[in-house]
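K.L.:
the following comprises the amino acid sequence and a computationally predicted model.
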Amino acid sequence: MINNTPIPKWILPVIVVSQFCGTSLWFSSNAILQDLIIHFSLPENTLAHITSAVQFGFIAGTLLFAIFTIADRFSPSKVFLISAFIAAIFNLAIVWNHNSLTSILILRFLTGFFLAGIYPVGMKIAADYYNKGLGKSLGFLVGALVLGTAFPHILKGFTEQLPWKTIVVITSIIALLGGLLLAFLVPDGPYRKKSATLDFSVIHNIFKNKKFKAAAFGYFGHMWELYAFWAFVPMIIASYNTLHPESTLNIAISSFIVIGIGAISCIIAGYVSLKKGTKKTATIALALSGVFCFMSPLLFEIPSQLLFMTLLAVWGMVVIADSPLFSTLVAQNADPVYKGTALTIVNCIGFAITIVSIQLLLLLQAFINPSYLFLVLGIGPLFGLISIYRKRSN
C-alpha cells in the first residue's frame with residue numbers, strides 16, 4: 001500500500017455488491033422478453049435488437065467516457081453513482097404502457113450508455129485499491145457482473161406469477177442502491193492518479209504499448225463469443241427442448257444456471273492466476289472456450305438433459321473465466337494516469353465486436369440449423385489465441 005494504511009476489509013465486498021446491483025440492468029429486458037412482445041405487440045425477432053441496443057448504448061457511452069477521460073478526471077465513485085441513478089431511471093421507463101419498439105430500443109440504448117459508468121468504472125475503482133493480486137480482485141468483480149447479468153433470469157424463473165413490470169422495478173431499485181452503497185462507503189482509492197487535463201491523444205497513445213495491445217486483442221477475441229453466447233443461451237435451451245420432446249428444462253432457470261455459474265469460474269480463475277500467472281490462465285480459458293464453440297453441434301445430440309446441462313454449464317464457466325484476467329493485463333500494462341480510460345476504451349471496442357457477432361447469429365439463424373449456429377463463435381477465441389501467440393513471438 002502507498003501510505004501503509006490497511007485497506008478496510010469491506011471495500012472489495014462493497015464494490016462487488018455494487019457492481020452486481022448496477023449490472024443487473026444489462027439483461028433485464030431479455031428476461032421478460034416474451035412479456036414485452038405480448039404487451040407491446042413486438043416482432044418475434046426482438047431479442048437480438050434489444051440486446052444490441054444495450055450494447056450500442058454501452059459502446060457510445062464508453063467511447064465518450066474514454067474520449068473525455070471521465071473516470072480519470074473525476075471521482076470514480078461519484079461517476080458510478082450518477083451513472084447508476086440515470087441508468088435505473090431509463091430502465092424503469094420501460095413500464096410505460098405507451099412504449100413502442102422504437103421507444104424501447106431507445107430506452108435500452110440509454111440504459112447501456114450509462115452502464116459505461118458502472119462496469120469499467122467499477123474495475124477502475126478496484127484497480128485503484130488493489131495493485132497486487134488485481135486478477136483475484138477483478139475475478140470477484142466480473143463474477144458480480146455475471147450474477148448481475150443472470151439475475152433477471154432467475155428472478156423471472158422463480159417468480160412466474162410476478163408481473164413483468166415488478167421485475168423492472170426491482171432491478172431499477174437495486175441498481176440505485178448499488179450506486180448509493182459504493183458512493184458512501186468507497187472513497188477514491190490510494191493508487192488513484194488523477195488526470196488534471198483533457199488529452200484527446202490518450203486513446204491513440206495507449207495502443208502503442210505492445211503488451212497492452214496483446215491483452216486488448218485477447219479480450220476482443222473473448223468478447224466475440226461471450227455476449228452472443230449469453231444472449232442466445234435461452235435459444236440454445238429452447239432448441240434442445242424442441243429436439244428432445246422428453247426434455248423438461250425450464251428455460252429461465254436453466255439460463256440463470258448457465259450464465260450465473262460463470263461467477264464461480266471468474267473467482268477460481270483469479271486465484272489460479274496468482275500461482276500460474278495471469279496471461280497463462282487467460283490463454284487456457286480462452287482455448288477451452290474455443291473448443292466448446294467448435295464442439296457445440298454435439299451438445300444438441302446428447303440424449304441426457306443432465307449431461308447436456310452439465311456441459312453447457314461448463315461452457316458458461318470457461319466463456320467468462322478469462323474476462324477478469326484480460327482486464328487485469330489491460331490495467332497492468334496501461335499508463336497509471338489513464339488506467340480508467342484504457343479499461344473504458346478496451347470495453348468500448350470489445351462491446352462493439354459483440355454487436356457484430358450477435359447480429360451475425362441473428363442473420364444466420366434463418367439459414368442454419370441451430371445445432372451448427374454457434375460454430376461461428378469459435379472465430380473469436382481463435383483470433384485471440386493467434387494474436388497472443390504472435391505478440392509473444394515478436
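P.N.:
Looks like it arrived, so ask away.

K.L.:
only C-alpha atoms from now on, for both contacts and neighbour counts.
P.N.:
Noted.

K.L.:
who's in contact with the residue lying closest to S24 once chain neighbours are set aside?
P.N.:
Distances taken as CA to CA, 6 or more residues apart in numbering put G148 closest to S24, at 4.0 Å, once the chain neighbours are dropped. Going by CA atoms under 8 Å, 6 or more residues apart in numbering, G148 touches 19-26.

K.L.:
what's the lowest-pLDDT member of the residues you listed?
P.N.:
Of all those, W26 has the smallest pLDDT value, namely 85.

K.L.:
how deep is that one tucked in, by neighbour count?
P.N.:
By the criterion of other CA atoms under 10 Å, W26 has 25 neighbours.

K.L.:
which ones are touching it?
P.N.:
54, 111-112, 115, 148-149.

K.L.:
now that we have these, which one has the most neighbours?
P.N.:
Going by other CA under 10 Å, G112 tops the contacts of W26 with 31 neighbours.

K.L.:
need phi/psi at the residue nearest to S24.
P.N.:
Main-chain dihedrals, G148, degrees, to the nearest 10: phi -60, psi -40.

K.L.:
so it versus V142, what's the distance?
P.N.:
Going from G148 to V142 by CA to CA, to the nearest Å gives 10 Å.

K.L.:
what helices and strands are in contact with the lowest-mean-pLDDT helix or strand in the chain?
P.N.:
Lowest mean confidence among the helices and strands of the chain (mean pLDDT, DSSP states H and E): helix 202-206, at a mean of 75. For helix 202-206, the packing partners by 3 or more CA pairs under 8 Å, 6 or more residues apart in numbering; DSSP states H and E come out as helix 46-67, helix 339-364.

K.L.:
in the last one, what counts as buried?
P.N.:
Think helix 339-364. 339-355, 357-362 (16 or more other CA atoms under 10 Å).

K.L.:
separation between P163 and D35?
P.N.:
From P163 across to D35, the span is 9 Å (CA to CA).

K.L.:
show me where pLDDT drops low in this protein?
P.N.:
For the chain, the stretches with pLDDT under 70 are 1-5, 153, 156-161, 194-201, 391-394.

K.L.:
distance to D128 added to the helices and strands packed on helix 202-206, as a markdown table?
P.N.:
A markdown table is the format used below for those (distance: least, CA to CA, whole Å):
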| stretch | distance to D128 |
| --- | --- |
| helix 46-67 | 17 |
| helix 339-364 | 9 |
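
K.L.:
ok now the lengthiest helix in the chain, how far from the chain's centre?
P.N.:
For the chain, the longest helix by residue count, based on DSSP state H, is helix 210-243. How far helix 210-243 lies from its chain's middle: 10 Å, per CA atoms, centre = their mean, to the nearest Å.

K.L.:
between P163 and D35, which is the more surrounded one?
P.N.:
Taking neighbours as other CA under 10 Å, P163 and D35 compare with D35 leading, 16 against 12.

K.L.:
mind jotting down where the helices sit in the stretch 251-394 of the chain?
P.N.:
Along the stretch 251-394 of the chain, counting by DSSP state H, counting those that start in this stretch, helices occupy 251-260, 262-276, 278-299, 305-321, 323-332, 339-364, 370-373, 379-393.

K.L.:
give me whichever of these is most buried.
P.N.:
When the helices of the stretch 251-394 of the chain are scored by mean count of other CA atoms under 10 Å, the highest mean neighbour count falls to helix 323-332 (a mean of 26).

K.L.:
neighbouring contacts of that one?
P.N.:
For helix 323-332, using CA under 8 Å, 6+ apart, the contacting residues are 127, 134-135, 138-139, 141-142, 212, 215-216, 218-219, 222, 266, 269-270, 273, 278-279, 281-282, 339, 342-343.

K.L.:
just want the angle from it to helix 262-276.
P.N.:
Helix 323-332 and helix 262-276 are oriented at 50 degrees to each other (axes from the mean of the first three to the mean of the last three CA atoms, to 10 degrees).

K.L.:
returning to that earlier point: please produce a ChimeraX select command covering the buried subset of the contacts of G148.
P.N.:
Per 16+ other CA under 10 Å, the buried members of those correspond to this ChimeraX selection:
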select :19,20,21,22,23,24,25,26
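
K.L.:
need the contacts of G148 in CSV with distance to F207, can you?
P.N.:
Converted to CSV, the contacts of G148 look like this (distance: CA to CA, whole Å):
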residue, distance to F207
Q19, 27
F20, 30
C21, 32
G22, 29
T23, 28
S24, 31
L25, 31
W26, 28
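
K.L.:
out of the contacts of G148, who's nearest A71?
P.N.:
Q19 (15.6 Å; CA to CA).

K.L.:
contacting residues for that closest one?
P.N.:
118-119, 122, 141, 144-145, 148, 178.

K.L.:
which one of those residues sits closest to E246?
P.N.:
Nearest to E246 among the contacts of Q19, with distances taken as CA to CA, is G148, at 31.3 Å.

K.L.:
before we move on, back to that, so which of the helices and strands packed on helix 202-206 gets nearest N205?
P.N.:
helix 339-364 (10.1 Å).

K.L.:
for that closest one, name the packing helices and strands.
P.N.:
Helices and strands touching helix 339-364, as assessed by 3+ CA pairs under 8 Å, 6+ apart, comprise helix 46-67, helix 70-73, helix 119-129, helix 202-206, helix 210-243, helix 323-332.

K.L.:
give me the angle between the last one and helix 210-243.
P.N.:
Right, the one you point to is helix 323-332. Angle between the axes of helix 323-332 and helix 210-243 is 160 degrees (criterion: the same axes, to 10 degrees).

K.L.:
and for the third one?
P.N.:
Orientation of helix 119-129 against helix 210-243 (the same axes, to 10 degrees) gives an angle of 130 degrees.

K.L.:
what about helix 119-129, distance to the chain center?
P.N.:
From the chain centre to the centre of helix 119-129 is a distance of 14 Å (CA atoms, centre = their mean).

K.L.:
what helices or strands is it leaning on?
P.N.:
Helices and strands touching helix 119-129, by 3+ CA pairs under 8 Å, 6+ apart, are helix 11-23, helix 76-92, helix 134-157, helix 339-364.

K.L.:
what does it rub up against?
P.N.:
Here helix 119-129 makes contact (CA under 8 Å, 6+ apart) with 7, 12, 15, 19, 22-23, 71, 76-77, 79-80, 134, 137-138, 141, 145, 188-192, 331, 339-340, 343-344, 347.
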